[in-house]
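> Give the three-dimensional model of this entry:
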Amino acid sequence: MDITIEKENGVSVFAVCGRLDTLNYNDFDSSISKIIDNGDTNILLDCSKLEYISSSGLRVFVKTLKTLNEKGGKLAICGFNDSIKDIFKVTSFIDLFNIFSVKSDALKSFK
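Residues are numbered from 1 along each chain as shown. Model prediction:
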């Protein structure tokens, strides 16, 4: 898994590439926690290059959502492929998150 972090219009955008699973979810969690600890509470997870997500990865998404809600922040997700979208539907997580097809729409949701 590779993560790149950029700031766009006051939003921390995490581009996640590859597999998010038990081997690397701690790195992903640490990256997000550092950003939140630095006071950034608007986060967009760009999953357009995410190939797979395990239950460990899903837990990081839920933890991030909970933390941001507690801090008055916002989390949006964009770019799911069909298999990732199916995982979110089966787990009913699709209803928990603000999910967008494309990054530009997700970024607009922070205004």
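> Every contact and neighbour count from this point should use C-alpha atoms.
Fine.
> Need the CA coordinates for the helix of greatest length in the chain. PDB is fine.
Counting by DSSP state H, the longest helix found in the chain is helix 55-70. The C-alpha trace of helix 55-70 is given here as PDB (Å, rounded to 0.1, in the frame of the first residue of the first chain):
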ATOM      1  CA  SER A  55     -11.700  -5.800   8.100                       C
ATOM      2  CA  SER A  56      -8.600  -4.200   9.600                       C
ATOM      3  CA  GLY A  57      -8.700  -1.400   7.000                       C
ATOM      4  CA  LEU A  58     -12.500  -1.000   7.500                       C
ATOM      5  CA  ARG A  59     -11.900  -0.500  11.300                       C
ATOM      6  CA  VAL A  60      -9.500   2.400  10.500                       C
ATOM      7  CA  PHE A  61     -12.100   4.000   8.400                       C
ATOM      8  CA  VAL A  62     -14.700   3.700  11.200                       C
ATOM      9  CA  LYS A  63     -12.200   4.900  13.800                       C
ATOM     10  CA  THR A  64     -11.300   7.900  11.700                       C
ATOM     11  CA  LEU A  65     -15.000   8.800  11.200                       C
ATOM     12  CA  LYS A  66     -15.700   8.500  14.900                       C
ATOM     13  CA  THR A  67     -12.600  10.700  15.800                       C
ATOM     14  CA  LEU A  68     -13.500  13.400  13.300                       C
ATOM     15  CA  ASN A  69     -17.100  13.400  14.400                       C
ATOM     16  CA  GLU A  70     -16.000  14.000  18.000                       C
END
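> in the protein, which spans are helices?
Under DSSP H, the chain gives helices at 25-37, 55-70, 82-90, 103-108.
> for those, which one sits closest to Val16?
With CA to CA as the measure, helix 25-37 is the member of the helices of the chain nearest Val16 (8.8 Å).
> The spatially most central residue of the chain: what's it in contact with?
Compute the mean C-alpha point of the chain, and by CA atoms, centre = their mean the closest residue is Leu45, 3.2 Å away. Neighbouring residues of Leu45 by CA atoms under 8 Å, 6 or more residues apart in numbering: Val13, Phe14, Ala15, Val16, Leu75, Ala76, Ile77, Cys78.
> try 6 Å
By CA atoms under 6 Å, 6 or more residues apart in numbering, the contact list for Leu45 reads Val13, Phe14, Ile77.
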